[in-house]
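*Asks:* structure here, sequence nowhere to be found:
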């Protein structure tokens, strides 16, 4: 399998991590005390939040999940420092979420489609596309080594895209701080420790090539995770500040039609066993 495909999968992992940056399991004693009395009720703060307020992320996630479910679809863009730009559509209304992404980087265009927990990579416009079978199919249930290697990442992507609000219901970081309020949205900030980041990295990239102890050692001491919600609790922007630059995901056009289908079978290839 060529390096472009592996690189695209790695970039797609940033989307999953961007949506689930704090959704991991804490070691006993990690993170703020869940019983803290300083958290404001999320429903109340939606209309009257003030900068500096501390809110309960789990309560906020319930409100946001309901808003996402009601709308069902969204468009998104993502900018990743040093990795190019991405734009796509998401359909949350299906039993298994659907995602279509177009990536632009130094090597040209590259597409991804996630349908029924199966990932399709490439597309006819990709620089290294096979003209007869321009799509590569990664089925997490397949027996080939490559599909099995990337199955955890595909599962992480599906989980992340199922609802971007689920990241707010974190067991690690139970509170967020309001950092900005305007007439249309409220912005919150969460800080992850190095121990929490290590757990997230290892869980999301288990079995992937290039993930070593060195990767873990270079994790920052803390990572700032910032997100903005509309007054109706729909996700607007998610920013994950990494040491070499931010990953910024922007959601828009909530509830507008999307068109996400698997490529025709005759245009799809599969990894060799």
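*Replies:* That came through fine. The model shown is predicted, which means the values in this text are computed figures rather than measured ones. Residues are numbered from 1 along each chain as shown.
*Asks:* can you map out the strands along the stretch 1-150 of the chain?
*Replies:* Assigned by DSSP state E, counting those that start in this stretch, the strands in the stretch 1-150 of the chain fall at 39-40, 54-56, 73-80, 84-91, 98-105, 108-115, 118-122, 135-138.
*Asks:* got those strands as TSV, with distance to residue 181, mean pLDDT and mean neighbour count columns?
*Replies:* Placement of C-beta: from N, CA and C, glycine included. What follows is the strands of the stretch 1-150 of the chain, written out as TSV (distance: least, CB to CB, whole Å; pLDDT from 0 to 100; neighbours: other CB atoms under 10 Å):
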stretch	distance to residue 181	mean pLDDT	mean neighbour count
strand 39-40	13	50	19
strand 54-56	12	90	21
strand 73-80	23	86	19
strand 84-91	27	84	20
strand 98-105	31	84	20
strand 108-115	34	86	21
strand 118-122	38	88	23
strand 135-138	42	88	23
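*Asks:* pLDDT averaged over the helix or strand harbouring residue 186 - what is it?
*Replies:* Assigning secondary structure by DSSP states H and E places residue 186 in strand 185-193. Strand 185-193 carries an average pLDDT of 88.
*Asks:* wait, isn't residue 260 in contact with residue 100?
*Replies:* Yes: counting by CB atoms under 8 Å, residue 100 is a contact partner of residue 260 at 4.6 Å.
*Asks:* spit out the contact partners of residue 123.
*Replies:* By CB atoms under 8 Å, 6 or more residues apart in numbering, the contact set of residue 123 is 109, 110, 111, 129, 134, 135, 263.
*Asks:* now swap in residue 129 and tell me
*Replies:* 122, 123.
*Asks:* again with residue 259
*Replies:* 89, 100.
*Asks:* from residue 115, how far out is it?
*Replies:* Per CB to CB, to the nearest Å, residue 259 is found 12 Å from residue 115.
*Asks:* now the helices: where do they sit in the chain?
*Replies:* Secondary structure of the chain (DSSP state H): helices at 3-19, 42-48, 57-71, 145-162, 194-204, 213-217.
*Asks:* out of these, which gets the lowest mean score?
*Replies:* Taking the mean pLDDT of each of those, the lowest value is held by helix 3-19, a mean of 41.
*Asks:* quick revisit: give me the common contacts of residue 260 and residue 100.
*Replies:* Applying CB under 8 Å, 6+ apart, one finds that residue 260 and residue 100 are jointly contacted by 89, 113.
*Asks:* if I look at residue 134, how far off is residue 142?
*Replies:* Relative to residue 142, and taking CB to CB, residue 134 is found at 19 Å.
*Asks:* and the two? which has more neighbours close in?
*Replies:* Between residue 134 and residue 142, counted using other CB atoms under 10 Å, residue 134 has the larger neighbour count: 20 against 16.
*Asks:* need the pLDDT of the nearest residue to that one once chain neighbours are set aside.
*Replies:* Of all residues not flanking residue 134 in the chain, residue 124 sits nearest, at 4.5 Å (CB to CB, 6 or more residues apart in numbering). Residue 124 is assigned 86 on the pLDDT scale.
*Asks:* quick one, phi/psi of residue 124?
*Replies:* Torsion angles at residue 124 (phi, psi; degrees, to the nearest 10) stand at phi -60, psi -20.
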